[in-house]
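> build me a structure from this.
(one chain, ligands or ions: 1)
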Amino acid sequence: MSASEGDELATLVISLRRHLQRQQRMGVRFVARPGVAAMTPTATENKKAVADKVERVSTNSDRGEVRSLEELRDDIGDCRRCKLHSGRTHVVFGIGNPNAKLMFVGEGPGRDEDLKGEPFVGRAGQLLTDIITKGMGLTRDDVYIANVVKCRPPENRNPEPDEVASCEPFLKKQIELIRPKIIVALGKFAVQALLQSKVPITRLRGNWHTYMGIKLMPTFHPAYLLRNPADKKLVWEDIKKVMKEMQQ
Ligand code: URA
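Sure thing, here's the model as predicted:
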């Protein structure tokens with residue numbers, strides 16, 4: 001390991017210690033520690049190894065003590081379980097029908113969502129709303145919309161593994177409580193997080209998969225469609241499969 005990599009690792013260890021001390025002050029008594037991750041010589045891999053050790057904090061959701069979406073929202077509280085809390089305005093929990101047959105899962109809130117506290121309300125959100133209303137003949141109140149992470153990543157970067165690990169029990173519990181018939185996973189990030197797969201979205205989309213026994217359709221993210229409108233027809237193919245399945 002070079003001197004600068006050593007420095008970076010030392011900085012990470014200090015922030016890890018501070019993070020754990022903050023958690024402790026908030027009453028958290030348990031931190032899941034998976035097997036020790038293989039240490040490798042690059043700075044990136046060292047960073048990941050530290051993140052893996054943090055993994056995630058046990059929640060009421062993990063312990064099965066949460067029985068409704070309201071209780072789940074309370075369990076999340078003024079969450080400080082990962083570093084995303086420091087830049088957020090609102091925890092963007094999710095919105096829609098708690099008994100929805102259809103659930104959309106995106107990546108994480110952007111600027112508009114962070115300010116409003118509601119998922120998919122910006123430009124990409126307008127496109128998702130059009131898919132739901134104009135495409136499917138439903139309203140946003142008929143479906144449920146949530147994200148993999150509930151706080152906005154700075155500069156809209158991809159959520160990092162420790163952030164996903166901290167939020168994952170909440171998304172899982174949300175899905176368990178809603179128990180939709182179908183999940184539409186929007187974009188590479190949501191698909192890969194839910195299916196634990198590194199297969200590219202271009203290969204996964206348009207085919208049925210299963211998450212916790214629930215049918216899951218991966219498709220392109222609306223933000224991708226804003227940049228690549230020619231692929232809207234592919235999403236429409238995927239959505240037609242979803243509508244057909246919902247009628248069965
Ligand atoms: N993109 C997402 O993945 N989620 C949102 O809520 C908004 C934009």
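
> in what helix or strand does F104 lie?
strand 102-106 (DSSP states H and E).

> so what touches that strand?
Applying CB atoms under 8 Å, 6 or more residues apart in numbering, the contact partners of strand 102-106 are 96, 119-120, 128, 132, 138, 142-148, 171, 175, 178, 180-187, 190, 194, 221, 242, 246. Every C-beta, even on glycine, is put in place using the N, C-alpha and C of the backbone.

> then stretch 64-71?
Applying CB under 8 Å, 6+ apart, the set of residues contacting stretch 64-71 is N60, L72, D75, G94, P98, K173, Q174, L177, I178.

> stretch 83-97 now?
19, 69, 72-73, 76, 78-79, 103, 108-109, 113-119, 140-147, 149-154, 159, 162-163, 174.

> can we see that at 6 Å?
Residues from elsewhere that reach stretch 83-97, judged by CB atoms under 6 Å, 6 or more residues apart in numbering: 73, 76, 79, 109, 113-115, 117-119, 141-146, 150-152, 154, 163, 174.

> kindly write the PyMOL command that selects the buried subset of those residues.
Buried residues among those (16 or more other CB atoms under 10 Å), as a PyMOL selection:
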select buried, resi 73+76+79+109+113+114+118+119+143+144+145+146+150+151+152+163+174
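
> just to revisit the earlier point, contacting the ligand as well, which ones from the contacts of strand 102-106?
Among the contacts of strand 102-106, proximity to the ligand is found for P119, F120, N147 (CB under 6 Å from any ligand atom).

> residues from the chain in reach of the ligand?
Checking the chain against the ligand by CB under 6 Å from any ligand atom, the hits are G106, E107, G108, P109, G110, E113, P119, F120, A124, G125, N147, A223.

> what about these, which are in helices?
E113, A124, G125, A223 (DSSP state H).

> which ones are touching the last one?
Taking CB under 6 Å, 6+ apart, we find A223 in contact with A124.

> who does the residue of the chain found nearest the ligand bridge with?
Residue of the chain nearest the ligand, by CB to the nearest ligand atom: G106 (2.9 Å). Following DSSP bridges, G106 is listed with bridge partners N147.

> what distance do you get for F104 to D75?
Distance of F104 to D75, given as CB to CB, to the nearest Å: 22 Å.

> most neighbours among the contacts of stretch 64-71, which one?
Q174 (25 neighbours; other CB atoms under 10 Å).

> could you give the average pLDDT over the strand holding F104?
For strand 102-106, mean pLDDT rounds to 99.

> right, and D114 touches P154 too?
No: the pair D114 and P154 does not pass the contact test of CB atoms under 6 Å, sitting 10.3 Å apart.

> now the chain, which segments are flagged as low pLDDT?
Where the chain drops to pLDDT under 70, the residues are 1-58.

> center of it - which residue?
Most central in the chain under CA atoms, centre = their mean is V148, positioned 0.7 Å from the mean C-alpha point.

> not counting residues beside it along the chain, what's closest to it?
A193 (4.7 Å; CB to CB, 6 or more residues apart in numbering).

> sticking with that neighbour, tell me its helix or strand.
Here A193 is assigned to helix 187-195, by DSSP H and E.
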